[in-house]
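**Student:** Quick one: sequence plus predicted model below, questions after.
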Amino acid sequence: MRLEKLLGELEYEVICGDVSTDITAITNDSRKVVQGGLYFAIPGARVDGAEFIPDVIRMGAAAIITEKNQERLSYILENDILINGDFKKKEDNQVAIIQVENIRYAMGVMSSEFYDNPCEELTIIGITGTKGKTTTSYMIKEMLELAGIKTGLIGTIEIDDGKEKVSSLNTTPESIVLHKKFRDMVNNGCHAVVMEVSSQALMLDRVAGVDFDYGIFTNLSPDHIGPNEHSDFENYKECKKKLFSLCNIGIYNYDDPAAEYMIEGSTSEAITFGKSEEADYIADGHKLYMENGILGIEYELEGVLEGHIRVDLPGDFSIYNSLAAIVVADCMGVSFDEIQRILELIKVRGRVEMIPISDAFTLMIDYAHNGVALESLLKAIREYEPKRIVSLFGCGGNRAKDRRYEMGEVSGKYSDFTIITSDNPRNEDPQAIIDDIKVGIDKTSGEHIDIIDRKEAIRYAIMNAREGDVIILAGKGHEDYQEIKGKKHHMDERDLVKEILEEEDVSKICGYNNRYFAD
């Protein structure tokens, strides 16, 4: 593809070379430059990509995109530096060097063009907010998939392009990765994609060139404020709001105090959901249920759609997550009967994911791995009035100790019994981490036991379960590994539960009725 076509309507300045040159590949990693490729010299927080310009020239780059006012590039060009004879006088140089005002924005737009604008072939649903993005994204993906719409996923946990799943490095990847994944999704038969859109991604133009059909706002509270993130809460809010100038339809949690701020001045059509009577999709009169080891919530849907909604996921937050999924599905033509049916089937891996092995007690897996998340979960479970809440968790090694104290104190306050175990000890002694957690729990009157081996801790929880218990395996969630001394070892809590059931006399398990692993 010609460089001139990639540049399109961007404003740019040609420093040297010819924009009619053909481009065979694009990258922002100097190590991956190929003959005839284009290199985006991104100025990073630690390293300026322009420093590698001499290297990529040697490697055969056909073009380099750089941002104006980069000192390294100016020094090279102004002094006509010779690098092993590769970098000659500007007028003789065959490498096209182009300067733009905002290289991250340019990279997004040019990446979209290079991959033949895949956004035009997908319905793109972006989700932003402080909490709930991951669960909402999975719920919407499941909703659309079960309605027959093959849907890709990009988020905190993974990227699913419709053919393979890979772990995510960032909640929202760089634009050059994003557009490549969109093209893969189209090639793999996807018709839609659900993606989490972080405030960092919006601030750093990682979604440049993305045409969102729907933008969803979940909620807002202070987060990601500090060095290398957002300067203050106002900047954080403003970055979140940016999504709604990039989408056709904005879908807002109207119960959140920041909803009106997000809607104000938006260029997109606004649709609202919540418990408020002023919302377009209204959840009224919610009730909790606890049946055969399953915790769920039900409510009457009013407004644009009317009918009974039942979701086998606990907590008030499940109302908002399901409402967002309902709005998207309705806008995309899924019938209300299908929406109702699908919501009773939806499960989100590692987010209040129930493992139904007993009719007498509830066993669930959740990613809650800090004090705030654990407290929110335990309070939500407490509303079901269980006989006991049993929390099982550990904390990561080589991380701030405050999290250990906080999680211990929270569990001591809101659980009836705590089983302290190992998480990802990394290079720390697991017992030392447990001892730190006990510092927090000892501030409360909460009962506890510590069992270092996580499988044995889970075994203890299951074999000592009582009727009416809710047992929460917290902290690992979707993760299927345990990191010990620099190595990741496979460890999926679902597998551990299955192994325990195979090893034990299940007649001794309270109310045993295994529906999860039965084929």
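**Tutor:** Happy to help now that I have it. Residues are numbered from 1 along each chain as shown.
**Student:** quick one: pLDDT of the residue nearest to residue 480 when sequence neighbours are not counted?
**Tutor:** Once its chain neighbours are removed from consideration, residue 480 has its nearest residue in residue 492; the separation is 4.1 Å (CB to CB, 6 or more residues apart in numbering). Placement of C-beta: from N, CA and C, glycine included. Residue-level confidence at residue 492 comes out at 96, pLDDT.
**Student:** Would you check how far apart residue 492 and residue 2 are?
**Tutor:** According to CB to CB, to the nearest Å, residue 492 stands 48 Å off from residue 2.
**Student:** out of those two, which sits in the more crowded spot?
**Tutor:** Neighbours per residue, other CB atoms under 10 Å: of residue 492 and residue 2, the larger number sits with residue 492, 15 against 12.
**Student:** isn't that one right up against residue 477?
**Tutor:** No. With contact defined as CB atoms under 8 Å, residue 492 does not count as touching residue 477 (10.7 Å).
**Student:** Please enumerate the helices of the stretch 301-450 of the chain.
**Tutor:** Counting by DSSP state H, counting those that start in this stretch, the stretch 301-450 of the chain forms helices over residues 317-331, 336-343, 371-382, 402-414, 430-441, given from the N-terminal end onward.
**Student:** Nearest to residue 55 among those would be which one?
**Tutor:** Taking CB to CB as the measure, those were each checked against residue 55, and helix 402-414 came out nearest at 40.5 Å.
**Student:** roughly how far is the closest one from the heart of the chain?
**Tutor:** Chain-centre distance of helix 402-414: 25 Å, with CA atoms, centre = their mean, to the nearest Å.
**Student:** for stretch 13-20, same thing?
**Tutor:** Relative to its parent chain, stretch 13-20 has a centroid offset of 39 Å by CA atoms, centre = their mean.
**Student:** gap between the two ends of that stretch?
**Tutor:** Across its full length, stretch 13-20 reaches 14 Å between end residues, using CA to CA, to the nearest Å.
**Student:** So which bits of that stretch are buried?
**Tutor:** 15, 16, 17 (16 or more other CB atoms under 10 Å).
**Student:** From these, pick the one nearest residue 7.
**Tutor:** Using CB to CB, the shortest approach to residue 7 within the buried residues of stretch 13-20 belongs to residue 17, at 12.4 Å.
**Student:** can you tell me which residues contact the closest one?
**Tutor:** Listed by CB atoms under 8 Å, 6 or more residues apart in numbering, the contact set of residue 17 reads 63, 93, 94, 95, 96, 97.
**Student:** partners of the helix or strand that the last one is a member of in the sheet?
**Tutor:** Applying DSSP states H and E as the criterion places residue 97 in strand 96-100. When pairing is defined by DSSP bridges, strand 96-100 lines up against strand 12-16 (antiparallel), strand 63-67 (parallel).
**Student:** what's in contact with that strand?
**Tutor:** Residues from elsewhere that reach strand 96-100, judged by CB under 8 Å, 6+ apart: 3, 7, 10-19, 21, 53, 62-68, 73, 77, 106.
**Student:** what's the answer for stretch 234-251, then?
**Tutor:** Contacts to stretch 234-251, defined as CB under 8 Å, 6+ apart, come from residues 126, 128-129, 197, 199-200, 202-203, 207, 210-217, 220, 222-225, 230, 258, 261-263, 266-273, 324, 327-328, 331.
**Student:** okay, how far is it across that stretch, tip to tip?
**Tutor:** 21 Å.
**Student:** And it, what's buried?
**Tutor:** Per 16+ other CB under 10 Å, stretch 234-251 contains these buried residues: 236-237, 239-244, 246-247, 249-251.
**Student:** cool, stretch 305-316 as well?
**Tutor:** Of the residues in stretch 305-316, those buried by neighbour count under the rule 16+ other CB under 10 Å are 305, 309, 311, 312, 313, 314, 315.
**Student:** can you list contacts of that stretch?
**Tutor:** Outside stretch 305-316, the residues that touch it by CB under 8 Å, 6+ apart are 281, 283, 286, 288, 294-301, 318-319, 321-322, 326, 330, 336, 339-340, 343-348, 352, 354, 377, 380-381, 383-384.
**Student:** Drop anything exposed from these.
**Tutor:** Buried by 16+ other CB under 10 Å: 281, 283, 294-299, 301, 318-319, 321-322, 326, 330, 336, 339-340, 343, 346, 348, 352, 354, 377, 380-381, 384, out of these.
**Student:** the inter-axis angle of the helix or strand harbouring residue 142 versus helix 317-331?
**Tutor:** Assigned by DSSP H and E, residue 142 belongs to helix 133-146. With axes from the mean of the first three to the mean of the last three CA atoms, to 10 degrees applied, the angle from helix 133-146 to helix 317-331 works out at 40 degrees.
**Student:** Can you list the buried residues in the very next helix or strand once past helix 133-146?
**Tutor:** Following helix 133-146 in sequence order, the next helix or strand is strand 151-154 (DSSP H and E). Using 16+ other CB under 10 Å as the burial criterion, the residues of strand 151-154 that qualify are 151, 152, 153, 154.
**Student:** Per-residue pLDDT of the second one, please?
**Tutor:** Read it as residue 152. According to the model, residue 152 scores 98 on pLDDT.
**Student:** re earlier: JSON lines for the strands paired with strand 96-100, including mean pLDDT and distance to residue 482?
**Tutor:** Listed next are the strands paired with strand 96-100 as JSON lines, based on pLDDT from 0 to 100; distance: least, CB to CB, whole Å:
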{"stretch": "strand 12-16", "mean pLDDT": "90", "distance to residue 482": "49"}
{"stretch": "strand 63-67", "mean pLDDT": "94", "distance to residue 482": "42"}
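**Student:** quick one, which of those strands is nearest to residue 48?
**Tutor:** strand 63-67 (9.3 Å).
**Student:** Please, where are all the strands along the stretch 251-400 of the chain?
**Tutor:** Using DSSP state E, counting those that start in this stretch, the strands of the stretch 251-400 of the chain run over residues 269-274, 281-291, 294-303, 307-311, 353-354, 362-366, 388-393.
**Student:** Mind checking those for the one nearest to residue 496?
**Tutor:** The closest approach between residue 496 and any of the strands of the stretch 251-400 of the chain, judged by CB to CB, belongs to strand 362-366 at 10.2 Å.
**Student:** and the angle from the closest one to helix 371-382?
**Tutor:** Between the axis of strand 362-366 and that of helix 371-382 there is an angle of 160 degrees, by the same axes, to 10 degrees.
**Student:** for the helix or strand harbouring residue 57, packing partners?
**Tutor:** Taking DSSP H and E as the definition, one finds residue 57 inside helix 53-58. In terms of contacts (3 or more CB pairs under 8 Å, 6 or more residues apart in numbering; DSSP states H and E), helix 53-58 is packed against strand 38-41, strand 63-67, helix 71-78.
**Student:** buried sites along that helix?
**Tutor:** Of the residues in helix 53-58, those scored as buried under the neighbour-count criterion (16+ other CB under 10 Å) are 53, 54, 56, 57.
**Student:** Out of these, which two are the most distant from each other?
**Tutor:** 54 and 56 (7.6 Å).
**Student:** from the buried residues of helix 53-58, which is closest to residue 437?
**Tutor:** Where those are concerned, and distances follow CB to CB, residue 437 has its nearest neighbour in residue 56, at 48.6 Å.
**Student:** The closest one contacts residue 38, correct?
**Tutor:** No. Counting by CB under 8 Å, residue 56 sits too far from residue 38 to count as a contact (9.5 Å).
**Student:** which ones are touching the residue nearest the centre of the chain?
**Tutor:** In the chain, the C-alpha nearest the mean C-alpha coordinate belongs to residue 156, at 2.5 Å (CA atoms, centre = their mean). With contact set as CB under 8 Å, 6+ apart, residue 156 has these partners: 133, 134, 168, 171, 196.
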